[in-house]
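1. I'd like to go over a predicted model; first the sequence, then the structure.
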Amino acid sequence: MHTEEQKQKILITFLLWFFLGGFGAHRFYLGWKKSACVLLGLTILALLTMVVLIGFIFYFVVLVWWIVDLVLMLQKKLKFADGTELL
């Protein structure tokens, strides 16, 4: 069974993933700052280049990454940076 603190961490991670996942918020929360910055950078680049239609390519990469992160969380492979289990 999960403790209350673990349940809160799981809930916070999934909420951050759902609402702000494209900006890497869940990865910042888990401590994966480098990959979170890359994800944030891709999202910003996608938004800035959307006018010339290249941004859709970057946004597609962000969308795939967002879905892969969900799969990793559900498979218990995405953990906190210090090795602590999420689920």
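-> Structure's in. What do you need?
2. Run through the strands of the chain in chain order.
-> Counting by DSSP state E, the chain has no strands at all.
3. Just the pLDDT at the nearest residue to Ala25 once chain neighbours are set aside, thanks.
-> Excluding the flanking residues, the one nearest Ala25 by CB to CB, 6 or more residues apart in numbering is Leu16, at 4.3 Å. Quick note: C-beta positions are derived from backbone N, CA and C, even for glycine. Leu16 carries a pLDDT score of 97 in this model.
4. So Leu16 versus Met73, what's the distance?
-> 11 Å (CB to CB, to the nearest Å).
5. Do I have it right that the residue nearest to Ala25 meets Tyr29?
-> Yes - the criterion here is CB atoms under 8 Å, and Leu16 meets it with Tyr29 at 5.4 Å.
6. Convert the C-alpha atoms of the helix ranked longest in the chain to PDB, please.
-> Longest helix in the chain by number of residues (criterion: DSSP state H): helix 55-74. Written as PDB, here are the backbone C-alpha positions of helix 55-74 (Å, rounded to 0.1, in the frame of the first residue of the first chain):
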ATOM      1  CA  GLY A  55       6.500  24.300 -35.500                       C
ATOM      2  CA  PHE A  56       4.100  21.400 -36.100                       C
ATOM      3  CA  ILE A  57       7.000  19.000 -36.500                       C
ATOM      4  CA  PHE A  58       8.500  20.100 -33.100                       C
ATOM      5  CA  TYR A  59       5.000  20.000 -31.500                       C
ATOM      6  CA  PHE A  60       4.600  16.400 -32.800                       C
ATOM      7  CA  VAL A  61       7.900  15.400 -31.100                       C
ATOM      8  CA  VAL A  62       6.600  17.000 -27.900                       C
ATOM      9  CA  LEU A  63       3.300  15.100 -28.200                       C
ATOM     10  CA  VAL A  64       5.100  11.800 -28.700                       C
ATOM     11  CA  TRP A  65       7.400  12.500 -25.800                       C
ATOM     12  CA  TRP A  66       4.300  13.400 -23.600                       C
ATOM     13  CA  ILE A  67       2.600  10.000 -24.500                       C
ATOM     14  CA  VAL A  68       5.800   8.100 -23.900                       C
ATOM     15  CA  ASP A  69       6.200   9.700 -20.500                       C
ATOM     16  CA  LEU A  70       2.700   8.400 -19.600                       C
ATOM     17  CA  VAL A  71       3.600   4.900 -20.700                       C
ATOM     18  CA  LEU A  72       6.800   5.100 -18.600                       C
ATOM     19  CA  MET A  73       4.900   6.300 -15.600                       C
ATOM     20  CA  LEU A  74       2.300   3.500 -15.900                       C
END
